[in-house]
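1. Just the structure for this:
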Amino acid sequence: MKFVVFTYARSGSTWLVNTINNIPDVTCYDELFTIKETMYRAGEKDFPRFLEWRESHAGFPSVWHYLNQLYAVNKKTGFKLIFHQAKEHWEFLPYGVFKKVGVIHLVRQNTLDLVLSLLLAQNRGKFHYKDDEKIPSQAPVRIDPAFLIKRINKVHQNHAQAKKMLKFFKLRSIEVYYEDLLEDKRNFKPIWDFIEEDYDKDPPKWQTQKILTQERAQSIQNFEEVERAMRAAGYEHFLNA
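-> From the prediction side, this is the model:
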């Protein structure tokens, strides 16, 4: 069983990767196609990122060869693939079709919270916390309303492109929502079914914390200004969610 967790940044994908990786007979890796070194890596860590692997292989090592080695490691193996990484390494798409790779498309419906989580993480200089780490208190951040609306529009555009991409290549996929997974553990069951795992035998376990723990009005210094801009753009439903 080959799969990817296909998503946009700050959509709960690290949490989902860790949760899937905790299933005994499933191996799930973090962003194998990232070009950044991170302090925190989700999932398993015994397989090199693509850039590291390519440097150690002579000739013209391809994404195709890399994925063949990855998926040969374990019967059920997956990794996190961010939307822009799929565009940069487009070879994954025909590979996914030919090799029947399943796609878990993770979407965070409240894009205001997605962008706010990103800004807070950048402000702190840390994007993920484990259960035994204390999340420091966060001073409110000032957000340029025009920038915020632009980022939200960009996320929506990427979500639409991702859906078109999956439909065009006819990849076997399931779409799941971050908010649903947070609301009830039982909403993980369709994912377990998708990767052919017994939900009752191995229920979800996870180990990361949310960075966005305060109310939006407490996290945003100029909340009233942002609220007006959100309402003017037709995004007031994100404020009420």
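
2. Could I get the average pLDDT for stretch 173-192?
-> The average pLDDT within stretch 173-192 is 94.

3. Against Lys80, how distant is Leu171?
-> Remark: distance between Leu171 and Lys80 (Cβ to Cβ, to the nearest Å) = 16 Å. Where C-beta positions appear, they are placed from N, C-alpha and C, glycine not excepted.

4. With neighbour numbers in mind, choose between these two.
-> Residue environment comparison for Leu171 versus Lys80 gives the larger neighbour count to Lys80, 25 against 19, counting by other Cβ atoms under 10 Å.

5. The more buried one: what secondary structure?
-> Lys80 carries the three-state label strand when classified by DSSP: H, G, I helix; E, B strand; the rest coil.

6. Could you give the bridge partners of it?
-> Using DSSP bridges, the beta-bridge partners of Lys80 come out as Val5, Glu31.

7. That one and Pro94, how far apart?
-> Per Cβ to Cβ, Lys80 is found 20 Å from Pro94.

8. Do you have the helices of the chain handy? List them.
-> Here the chain has its helices, by DSSP state H, at 13-21, 50-55, 63-71, 83-88, 92-98, 111-124, 145-169, 178-183, 189-194, 216-219, 223-232, 236-240.

9. Show me what the shortest one is packed against.
-> It refers to helix 216-219. The contact analysis (3 or more Cβ pairs under 8 Å, 6 or more residues apart in numbering; DSSP states H and E) places helix 216-219 against helix 111-124.

10. cool, the fifth one as well?
-> Here helix 92-98 is seen to pack against helix 63-71, helix 145-169 when contacts are counted using 3+ Cβ pairs under 8 Å, 6+ apart.

11. How about the first one?
-> Contact analysis of helix 13-21 by 3+ Cβ pairs under 8 Å, 6+ apart lists strand 2-7, strand 27-31, strand 77-82, strand 102-107 as its packing neighbours.

12. same question for the third one, mean pLDDT?
-> When pLDDT is averaged along strand 77-82, the result is 96.

13. again with stretch 200-210
-> With pLDDT averaged residue by residue, stretch 200-210 scores 76.

14. One more: stretch 97-113?
-> Taken as a whole, stretch 97-113 carries a mean pLDDT of 94.

15. And stretch 234-241, by the same measure?
-> Averaging pLDDT residue by residue across stretch 234-241 gives 86.

16. and that stretch, which residues are buried?
-> Within stretch 234-241, the residues that qualify as buried are Tyr235, Phe238, counting by 16 or more other Cβ atoms under 10 Å.

17. I'd like the distance from it to the chain centre, please.
-> Distance, stretch centre to chain centre, for stretch 234-241: 22 Å (Cα atoms, centre = their mean, to the nearest Å).

18. For that stretch, list the C-alpha coordinates in PDB.
-> Written as PDB, here are the backbone C-alpha positions of stretch 234-241 (Å, rounded to 0.1, in the frame of the first residue of the first chain):
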ATOM      1  CA  GLY A 234     -17.000  37.900   2.200                       C
ATOM      2  CA  TYR A 235     -15.000  35.800   4.700                       C
ATOM      3  CA  GLU A 236     -16.900  36.600   7.800                       C
ATOM      4  CA  HIS A 237     -17.900  32.900   8.200                       C
ATOM      5  CA  PHE A 238     -14.200  32.200   9.200                       C
ATOM      6  CA  LEU A 239     -14.500  34.600  12.100                       C
ATOM      7  CA  ASN A 240     -17.600  32.800  13.400                       C
ATOM      8  CA  ALA A 241     -16.300  29.300  13.000                       C
END
